[in-house]
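Asker: okay, structure incoming, though there's no sequence with it:
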C-alpha cells in the first residue's frame, strides 16, 4: 500500500518520542507514556499500520474526554496458581496487557502454563506485540482480544454482534525469526479497512458485504456493511469463542455491550483480553524445540510452490521484513496521517513530528 | 447427506456393543474396548459420520497389523503443576486422549488452567468428544490434534506438508446446550471427503484444488488434490501453529513425518494432541457464567437474518440436533459401510451388526 500515496519516513525514536510527549501532555504519568509509546511503535515497526501511531488521535481524544483512566490502579481480582483475573481499571490497553503478560510469564515459570484474563482494559494495538513477550523467557505466547467495535454478524445474520476478535501466537526459533501468527477471525481487520478509507484505496471483493449480502468495495462506506468471517461459519465460530474467552469469562464486554471505540470517544469500553504463556521446558529442552522450529520453518519455506508463486511464506514474514526495512529506513507515514498528527500536536501544544 | 443413499438405522447400544466385540476379538482388553467403542459411538451420535464406526475397519486393520499397541503403558513423561507431557505408548487414540483429559481436569482443579500434551497417540475420532469432557467439572475444554494424513500444502505451495489439524472448544450453558466448536482448519475435513467418496457424492467447489490450483469436485480423486485452508493464509497459519503445539512441542510427528493413517496400516503414527482445561471458577461464579452463556446463545439465535436464511445457528447446533434424532431413532449407516462392517465381523469371527 505504501506505493500508492505520498509517504514520509520517520525514525522509530522520533515517533516514540512524539507519542510520549503527546501522552505526557494529556497527563499520563511519564513512565506509562513511555510504555504506551513503545508498544505503539512496535506496531508500526512490525508493519501493523492500523494499530500504531495511526491510533494516536483516537487515544488522545479518549484521554481528554475521560474515556480512559490516566492513572489506573491495575490489580489482580482473582488469583489461582496458574490463572489470574485482572482489573485494568480502564487504563490504556497497552499498560494493562503488559501487566497481564508479565504476570502470565511469572506464573508459567512456576506451573508450566498460565492464563491471565482481564476486564476494563482498552484497545492495546497489534496483538503480535503481546504474544511475543513470553518468548523472552523461552515460552510460547498466545493472546486473544475482543475487538473494539462490532462489524461482524453471526453467520447468516445481519446484526453486527461480533468483532474481528483477533488471535496472535508467537513461537520462537533458534536462528530463524519467530513464527508470529497475528490474525483477525475476519477476512480483513477493520483497522486495515480504515487505512484503505484514509488512503482512498478500494477494498478487494470478499472483505465486506452490504446488508443484502452483496460484495462491497468502497472502504469509505464500511460503516454501512459487514465484515466477512474466514471460512464462513468456522470464522464466525472462532470469533464467538474468542469473544467468550476474552470477554464473557472475564466479565468484560461482549456482543451488544461492545462500545465502538471509533464512534464513541468517552464511554468506558470494558475491553476484555487474555494472554496464555506456555513454558517450552515443560515439554522438551528449549534448544531442541527451537532447532525443531527452525526445521519446520525451512521445510515450509523450501517446499515447492504453485506456478507463479514466488515462495512459501511463514506467518510473521511480513512483520520481520517490515522491521528490517523500517529499522533501517524509518517508518513511512502517509500525508493525511501526518496532518492529523500535526493537529493533535497543536491541540496539546507539543512540538509536532518533524 | 443422509437422504441421497440407502440408509439403515441402528441403536447406539447395538453399535457400541458391535464395536466392543470387534475390539475384544483383536485382543484389546475388555475395559479398553468398551472405552474406545463408547467414544466412537459419541462421534456417531453427534453426527460426525466420518469419525465414528466409519473408522472401525481401519482401526481393526491397524490393530491386526501391529500398527497400534493393544496393551499400551500410557504414562506421564514430564510433570509440572499445570502441565504434563504424556507418552501414549502407541495405544488407541481414544484411550490416550481420555487419559490426558482426566489428567488435565485434575490439574485445572488445582491450578485454574492446565495443558496436557501427548506423543505416540493415535487417531482419536471426533475432537468435540474430548473438548466436552472438562464440562463435567464446570470447566471449558479445548482440544487440538495433528491430523492423521497430510493433504494441505502451505499457502502458495503444492507439497502437502500439513494436515487439517482440527480444534474443538466446548463452553457450557445453564439451560442451553453447550456451545461446541469442532472444526478443521481447512474448508472441509478429509473425513467428510472420504464419506462423499464412499457415497459417490460430488464435493462443492472450494473444498479442494488440483496440482495446478484448479477447483476439484470428484471426491474419489481426492488423493490427487489438496485441501484448501479457511481464509487462505490465515487457515494455513492456524494449521501450522496447531501442528506445532500438538505435534512438535510434544515430540510427536509433524510435517513430512506424519504417516497417512489411511494408506499405511502398520507404521507407528506418533500422533500428537493436546488438551486444555480452564476452570470457570478461576474467573467468575460458574452459574453466573453459564447464565451469561445462555444469554450469548439467545442473543445470537434471536438476531436478524439475511433474506432467505432460516435462523442463526450456534456452533454445535448440528451435533445437538443429531444427538436428539439419533438417540431417538438410531444412527443411520449407509449400505456400503454396513457391508464393510460385515466383512470385518467375518474376518474377526464375531456376530455381525444386525
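Answerer: That came through fine. All of these numbers come straight from a predicted model, not from anything done at the bench. Residues are numbered from 1 along each chain as shown, chains lettered A, B, ... in the order given.

Asker: looking at chain A, which helix or strand is least sure?
Answerer: helix A:190-199 (a mean of 84; mean pLDDT, DSSP states H and E).

Asker: how about the strands in the stretch 1-150 of chain A?
Answerer: A:7-10, A:75-79, A:83-87, A:113-121, A:139-145 (DSSP state E, counting those that start in this stretch).

Asker: okay, now the unreliable bits of chain A?
Answerer: A:1-5 (pLDDT under 70).

Asker: can you tell me the closest non-neighbouring residue to the residue sitting furthest away from the middle of it?
Answerer: Relative to the centre of chain A, and counting by Cα atoms, centre = their mean, the farthest-placed residue is residue A:307 at 33.5 Å. Among residues not flanking residue A:307 along the chain, residue B:212 sits closest, at 7.0 Å (Cβ to Cβ, 6 or more residues apart in numbering or on different chains). Where you see a C-beta, it was placed from the backbone N, CA and C, and this is true even at glycine.

Asker: pretty sure that neighbour is in a strand, no?
Answerer: No: counting by DSSP: H, G, I helix; E, B strand; the rest coil, residue B:212 is not found in a strand; it is coil.

Asker: could you chop chain A up by domain?
Answerer: Following automatic domain parsing, one gets these domains for chain A: A:1-65+A:317-354, A:73-186+A:229-302.

Asker: as TSV, the ones you listed with distance to chain B would be great.
Answerer: Formatted as TSV, the domains of chain A follow (distance: least, Cβ to the nearest Cβ, whole Å):
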stretch	distance to chain B
domain A:1-65+A:317-354	10
domain A:73-186+A:229-302	3
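
Asker: ranking those by burial, who's on top?
Answerer: Comparing the domains of chain A by mean neighbour count (mean count of other Cβ atoms under 10 Å in any protein chain shown), domain A:73-186+A:229-302 ranks first with a mean of 23.

Asker: centre of the chain to it, how far?
Answerer: 9 Å (Cα atoms, centre = their mean, to the nearest Å).

Asker: equivalent analysis for stretch A:307-316, please.
Answerer: With Cα atoms, centre = their mean, you get 24 Å for stretch A:307-316.

Asker: ok so, going back, the residue nearest to residue A:307 against residue B:224, yeah?
Answerer: No: in this structure residue B:212 lies outside contact range of residue B:224 using Cβ atoms under 8 Å: 11.2 Å.

Asker: quick one: contacts for residue A:293?
Answerer: A:171-174, A:176, A:179, B:244, B:248 (Cβ atoms under 8 Å, 6 or more residues apart in numbering or on different chains).

Asker: residue A:57: which of those residues is nearest?
Answerer: residue A:179 (33.0 Å; Cβ to Cβ).

Asker: which residues touch that closest one?
Answerer: Contacts of residue A:179 (Cβ under 8 Å, 6+ apart): A:169-171, A:173, A:293, A:296-297, A:314-316, B:240-241, B:244.

Asker: and those, which is closest to residue B:231?
Answerer: residue A:315 (12.2 Å).

Asker: now the helices for the stretch 251-354 of chain A?
Answerer: A:286-301, A:317-329, A:335-348 (DSSP state H, counting those that start in this stretch).

Asker: what does the stretch 101-250 of chain A give?
Answerer: So, for the stretch 101-250 of chain A - with DSSP H, counting those that start in this stretch - the helices run A:128-131, A:190-199, A:233-246.

Asker: go ahead and flag the most central residue of chain A.
Answerer: residue A:126 (2.2 Å).

Asker: distance of that one from residue A:94?
Answerer: 10 Å (Cβ to Cβ, to the nearest Å).

Asker: so how many other residues sit close to residue A:205?
Answerer: 12 (other Cβ atoms under 10 Å in any protein chain shown).

Asker: now it, nearest residue through space, not along the chain?
Answerer: Here the residue nearest residue A:205, using Cβ to Cβ, 6+ apart, is residue A:215, at 4.5 Å.

Asker: contacts only, for residue A:197.
Answerer: Residue A:197 sits in contact with A:219-220, A:222, where contact means Cβ under 8 Å, 6+ apart.

Asker: just the buried ones from those?
Answerer: With neighbours counted by 16 or more other Cβ atoms under 10 Å in any protein chain shown, the contacts of residue A:197 contain buried members at A:219, A:222.

Asker: closest to chain B out of the contacts of residue A:197?
Answerer: residue A:222 (18.5 Å; Cβ to the nearest Cβ).

Asker: quick one on the thing from earlier: so which of the helices of the stretch 251-354 of chain A is nearest residue A:81?
Answerer: Evaluated with Cβ to Cβ, these place helix A:286-301 nearest to residue A:81, the distance being 22.0 Å.

Asker: tilt between that closest one and strand A:139-145?
Answerer: Note on geometry: by axes from the mean of the first three to the mean of the last three Cα atoms, to 10 degrees, helix A:286-301 and strand A:139-145 are set 60 degrees apart in direction.

Asker: quick one on the thing from earlier: from residue B:151, how far off is the residue nearest to residue A:307?
Answerer: From residue B:212 to residue B:151 the distance is 16 Å (Cβ to Cβ).

Asker: kindly report the same for residue A:139.
Answerer: 31 Å.

Asker: can you pull the contacts of the residue nearest to residue A:258 when sequence neighbours are not counted?
Answerer: Of all residues not flanking residue A:258 in the chain, residue A:150 sits nearest, at 5.1 Å (Cβ to Cβ, 6+ apart). Residue A:150 is in contact with A:160-163, A:255, A:258, A:260, counting by Cβ under 8 Å, 6+ apart.

Asker: and which of those is nearest residue B:284?
Answerer: Using Cβ to Cβ, the contacts of residue A:150 come closest to residue B:284 at residue A:255, 16.2 Å.

Asker: surely that closest one touches residue A:244?
Answerer: No: taking contacts as Cβ under 8 Å, residue A:255 lies outside contact range of residue A:244: 9.6 Å.

Asker: identify the contacts common to these two.
Answerer: By Cβ under 8 Å, 6+ apart, the residues touching both residue A:255 and residue A:244 are residue B:296.
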